[in-house]
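Trainee: got a predicted structure plus its sequence, pasted below:
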Amino acid sequence: MPELITAIATLLWPLITLLVLLLFRQAIGRVLRTAEKRELEFEVGGQRLTFHELNDQQNEMIQDLQRQLSILSSRLDEREAVPAGTVPSRGGDGASTPEEPAGWELDGDPESAELPPVQAPVGPEPFAVLWVTDRAQSHALLVEQLRNNGVRVTITATTSEAVAEVSKRPYRVVVSDMARKEDGQWITDAGLALLRELRDLGMEIPVIVFGTQRGQLQHANQARQLGAVATTSSSYEMFRHFQNFGLL
């Protein structure tokens with residue numbers, strides 16, 4: 001009899017395990033498939049991101065930082081090759097002129113003016129950013145950094161929504177994608193449309209246009225002519241711009 005009880009007890013736990021697997025096989029299967037595809041979800045910057053999407057964003061930011069460090073290293077090498085306090089003559093007469101201070105180009109190229117002084121807008125919530133994008137997931141890490149620093153970040157998807165939002169509440173800066181989908185159509189210069197709307201309505205608010213390198217080549221100059229304080233395709237430069245505006 002004791003041997004029989006022991007044998008039953010020995011078989012009981014495997015049977016219970018098998019029963020659990022049978023009862024919850026669908027749920028367990030979903031978990032295993034999700035883990036296999038690395039699609040565990042995380043909430044970042046108010047957006048739901050899969051592990052794969054989050055990893056891609058982190059890799060892109062690392063690659064961007066590496067590019068910026070490479071550019072900075074090249075500039076330092078060039079400066080070391082020039083005698084202190086002088087730059088090569090541009091007039092061809094052999095004369096030297098005082099070296100100009102370096103600045104951050106508004107579209108990511110070297111040697112240009114710095115961002116204009118930040119004027120804090122009047123209102124109860126100037127510590128705020130309006131981000132105009134139809135792909136909020138793509139900017140989740142930057143948005144998370146802003147929100148962790150206490151910045152109110154509002155996300156809108158279209159030009160009309162952005163104009164309505166700016167009319168209701170003050171923002172320290174507006175960030176707009178250069179291209180986005182509005183009303184079912186892909187608009188390659190949506191950032192320019194927003195700049196025109198704000199200018200025509202007399203709304204004086206700093207706008208940074210954030211887009212791809214191709215978009216920068218096509219539209220950066222026009223964006224600056226329409227009043228953009230900066231255009232960039234670099235997440236690192238966006239971080240620097242937020243610092244310049246006292247947001248990070």
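Mentor: Ah, there it is. Numbering: from 1, shown residues only.

Trainee: can you tell me how far H219 is from F210?
Mentor: 12 Å (Cβ to Cβ, to the nearest Å). C-beta here means a position set from N, CA and C on the backbone, and glycine is covered the same way.

Trainee: the two: who's more crowded?
Mentor: F210 (26 against 23; other Cβ atoms under 10 Å).

Trainee: what average pLDDT does the helix or strand hosting A193 get?
Mentor: A193 is part of helix 190-200 when elements are defined by DSSP states H and E. Average pLDDT, helix 190-200: 94.

Trainee: quick one, strands of this structure?
Mentor: 41-44, 47-50, 128-132, 152-156, 173-177, 180-182, 185-187, 207-210, 230-232 (DSSP state E).

Trainee: pLDDT weak spots in the chain?
Mentor: 1-55, 57-59, 61, 63-70, 82-125 (pLDDT under 70).

Trainee: which residues does Y171 contact?
Mentor: 121, 126, 128-130, 154, 165, 205 (Cβ atoms under 8 Å, 6 or more residues apart in numbering).

Trainee: closest to S138 among those residues?
Mentor: V129 (15.5 Å; Cβ to Cβ).

Trainee: now the residue nearest to that closest one when sequence neighbours are not counted: how far from R224?
Mentor: Once flanking residues are discounted, V129 sits nearest to V153: 5.0 Å by Cβ to Cβ, 6 or more residues apart in numbering. In this view, V153 and R224 are 24 Å apart by Cβ to Cβ.

Trainee: who has more neighbours out of these two?
Mentor: V153 (21 against 16).

Trainee: now for H219 and F210: what residues contact both?
Mentor: Joint contacts of H219 and F210 (Cβ under 8 Å, 6+ apart) are 178, 231.

Trainee: just the CA coordinates of the helix holding A193, formatted as PDB?
Mentor: Output of helix 190-200 as PDB, limited to C-alpha atoms (Å, rounded to 0.1, in the frame of the first residue of the first chain):
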ATOM      1  CA  ALA A 190       4.200  68.900 -44.700                       C
ATOM      2  CA  GLY A 191       6.700  70.700 -42.400                       C
ATOM      3  CA  LEU A 192       6.800  73.600 -44.900                       C
ATOM      4  CA  ALA A 193       3.000  73.700 -44.900                       C
ATOM      5  CA  LEU A 194       3.000  74.100 -41.100                       C
ATOM      6  CA  LEU A 195       5.500  76.900 -41.300                       C
ATOM      7  CA  ARG A 196       3.400  78.700 -43.800                       C
ATOM      8  CA  GLU A 197       0.300  78.400 -41.700                       C
ATOM      9  CA  LEU A 198       2.000  79.700 -38.600                       C
ATOM     10  CA  ARG A 199       3.500  82.600 -40.500                       C
ATOM     11  CA  ASP A 200       0.300  83.500 -42.200                       C
END
